[in-house]
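Trainee: Quick one: sequence plus predicted model below, questions after.
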Amino acid sequence: MTALQDLAASGVSVWLDDLGRDRLTSGGLQQLVSDGVVGVTTNPSIFASAVSQGDAYAAQMAELTDATPADALHALMVTDVRGACDVLSTTFEQSSAVDGRVSFEVDPRLAHDTKSTLAAAGDVWADVDRPNLMVKIPATLEGLPAITAAIAEGISVNVTLIFGVDRYADVQDAWLAGLEDAHAQGHDLSAIGSVASFFVSRLDTAVDRRLDAMADAGDLDAGTHRRLRGRAAVANARRAYRQYQRMLQTPRWLSLAAAGAQPQRPLWASTSTKDPTFSPTRYVDELVAPQTVNTMPAATLDAVADSSAPRPVSISITDEAEAADVGLFADLAAVGIDYHQVVSDLEEAGVRSFSDAWGTLLELVEQAQTEGN
């Protein structure tokens, strides 16, 4: 059994957190699907990297020289995402619409504008025109009603940029409300997919940076520093998974499930390790659980594929395990690290980072149009 098959046997769907024209034209994405990858995610940073490398987009850009940069960018992204959807269409059908999904991010500069986010989601859904698309909407406070409204319209949604368990509860509520509205409007609930993208490694980076600074300043003893460092991200994700498990037992969900709805699986995003002292597969190995998705950048996927270590279920849902994870955040608070402030800062930084990448994309496209004229 290969490493990816091992993960699948434990209930983990392996998605690729990368997409570019070269992956489509070279057959590279098709090969990964043959190897066990069952979905694709992308974001503005990933797409900016793809557009800036080589001339894979030159032919299409030559046809878009008279379009506005925003319209040209949209056309490029729609082409890539539609192509990836087609590659994964068989997976989508064979998994009964659970996997085989490809995500397309709405303009992140709209993250604090509910009405514009919803309109953009509708445009993306219509333009890609593939049933296995997922539209990525950020889990900002303004994004929550857009999530509900999009799902109510029958749009499958990947809720992105989730960092805290409190906000995750809000996301679950928004998703459930959307399904209830969709059901009332007569939509086929089995066709509406959703995942909740919980960003993992960025929490360790933020918390460990604070711990390291305190240790360097002599404000934290070596033992406490060692005990707390590198533990926040996985503990946070495990808390989210237990919250997911509790949701599955609620009358509200059970009623929707009886009507044909699919669960909104937790998706572990930002799963590459930023700290060189950590195993490159850490945020895969420690987050194995049924009904989860792990979307991996290519380097992490390669590291997992090259490893022969078995990957049994690693998330415990016992009360004792949950108490231990809750206790970790109490210990962090005791040394002055405010969990709620950290996740709030991460959300703000995530929106800003993706917005900056979107701006870079527009500049790259405009430059290519100028050179083509």
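Mentor: Received, thanks.
Trainee: residues contacting Pro131?
Mentor: Applying CB atoms under 8 Å, 6 or more residues apart in numbering to Pro131 gives the contacts 92, 97, 191. Yep, even glycine has a C-beta here, placed from its N, CA and C like the rest.
Trainee: Could you say which helix or strand holds the first one?
Mentor: It stands for Phe92. Following DSSP states H and E, one finds Phe92 within helix 89-94.
Trainee: what does that helix contact?
Mentor: Helix 89-94 has contacts (CB under 8 Å, 6+ apart) with 33, 38-39, 85, 99-101, 130-132.
Trainee: Which of those has the largest number of neighbours?
Mentor: Using other CB atoms under 10 Å as the neighbour criterion, Arg101 leads those with 30 neighbours.
Trainee: I'd like to know the average pLDDT value across stretch 264-275.
Mentor: Stretch 264-275 carries an average pLDDT of 96.
Trainee: measure that stretch end to end?
Mentor: Chord length of stretch 264-275, first to last residue, is 30 Å (CA to CA, to the nearest Å).
Trainee: buried set for that stretch?
Mentor: Buried residues in stretch 264-275, counted by 16 or more other CB atoms under 10 Å: 264-273.
Trainee: nearest to Leu110, of the residues you listed?
Mentor: Ranking the buried residues of stretch 264-275 by separation from Leu110, with CB to CB as the measure, puts Ala269 on top at 19.7 Å.
Trainee: Now for the nearest residue to the closest one once chain neighbours are set aside: which residues touch it?
Mentor: Using CB to CB, 6 or more residues apart in numbering and skipping the chain neighbours, the partner closest in space to Ala269 is Ser197 (4.4 Å). Contact analysis of Ser197 by CB under 8 Å, 6+ apart lists 41, 136, 158-162, 267, 269, 295.
Trainee: Just the ones of the contacts of helix 89-94 in helices?
Mentor: Counting by DSSP state H, the part of the contacts of helix 89-94 found in helices is 33, 85.
Trainee: Of all pairs in the contacts of helix 89-94, which one is the farthest apart?
Mentor: Using CB to CB, the two most remote members of the contacts of helix 89-94 are Val33 and Pro131, lying 17.1 Å apart.
Trainee: residues contacting Gly83?
Mentor: Leu24.
Trainee: next one: Thr250
Mentor: So Thr250 contacts nothing (CB under 8 Å, 6+ apart).
Trainee: That one and Ala169, how far apart?
Mentor: Remark: distance between Thr250 and Ala169 (CB to CB, to the nearest Å) = 12 Å.
Trainee: which residue is nearest the centroid of the chain?
Mentor: Nearest to the geometric centre of the chain sits Ser197, at 3.7 Å (CA atoms, centre = their mean).
Trainee: which element is the closest residue to Gly36 other than its chain neighbours on?
Mentor: Distances taken as CB to CB, 6+ apart put Leu4 closest to Gly36, at 3.4 Å, once the chain neighbours are dropped. Using DSSP H and E, Leu4 sits within helix 3-9.
Trainee: Run through the neighbouring helices and strands of the helix or strand just after that helix.
Mentor: Using DSSP H and E, the helix or strand that follows helix 3-9 towards the C-terminus is strand 12-17. The contact analysis (3 or more CB pairs under 8 Å, 6 or more residues apart in numbering; DSSP states H and E) places strand 12-17 against helix 3-9, strand 39-41, strand 265-269, strand 292-296, helix 298-306.
Trainee: Can you tell me the SS state at the closest residue in space to Ser314 that isn't next to it in sequence?
Mentor: Nearest residue to Ser314 in three dimensions, chain neighbours excluded: Val288, at 4.5 Å (CB to CB, 6+ apart). The three-state assignment at Val288 reads coil, by DSSP: H, G, I helix; E, B strand; the rest coil.
Trainee: got the phi/psi numbers for Val288?
Mentor: phi -90, psi 120 (degrees, to the nearest 10).
Trainee: same check, this time on Gly230
Mentor: In terms of degrees, to the nearest 10, the main-chain angles of Gly230 are phi 70, psi 20.
Trainee: List the contacts of stretch 200-208.
Mentor: Identification of contacts with stretch 200-208 by CB under 8 Å, 6+ apart yields 163, 228-234, 236-237, 268-275, 283, 287, 332, 337, 342-343, 345-346, 350.
Trainee: can you tell me the average pLDDT over stretch 62-81?
Mentor: 93.
Trainee: buried residues in it?
Mentor: By neighbour count on 16+ other CB under 10 Å, the buried set for stretch 62-81 is 64, 69, 72-78, 80-81.
Trainee: where does Gln60 fall, helix, sheet strand or coil?
Mentor: helix.
Trainee: where in the chain is pLDDT low?
Mentor: For the chain, applying pLDDT under 70 flags the ranges 1, 372-373.
Trainee: longest helix anywhere in it?
Mentor: Using DSSP H to define each element, the chain has its longest helix at helix 339-372.
Trainee: check which helix or strand covers Arg210.
Mentor: helix 201-216.
Trainee: For the longest helix of the chain, which helices and strands make contact with it?
Mentor: Judged by 3+ CB pairs under 8 Å, 6+ apart, helix 339-372 is in contact with helix 44-52, helix 58-62, helix 69-87, strand 133-138, strand 157-162, helix 165-184, helix 201-216, helix 319-334.
Trainee: buried set for the second one?
Mentor: Residues Met61 are the ones in helix 58-62 that count as buried (16+ other CB under 10 Å).
Trainee: Also stretch 338-352?
Mentor: 339, 342-343, 346-347, 350-351.
Trainee: and what of stretch 116-127?
Mentor: Within stretch 116-127, the residues that count as buried by 16+ other CB under 10 Å are 116-118, 120-122, 124-125, 127.
Trainee: Repeat that for stretch 232-251.
Mentor: 232-244, 247.
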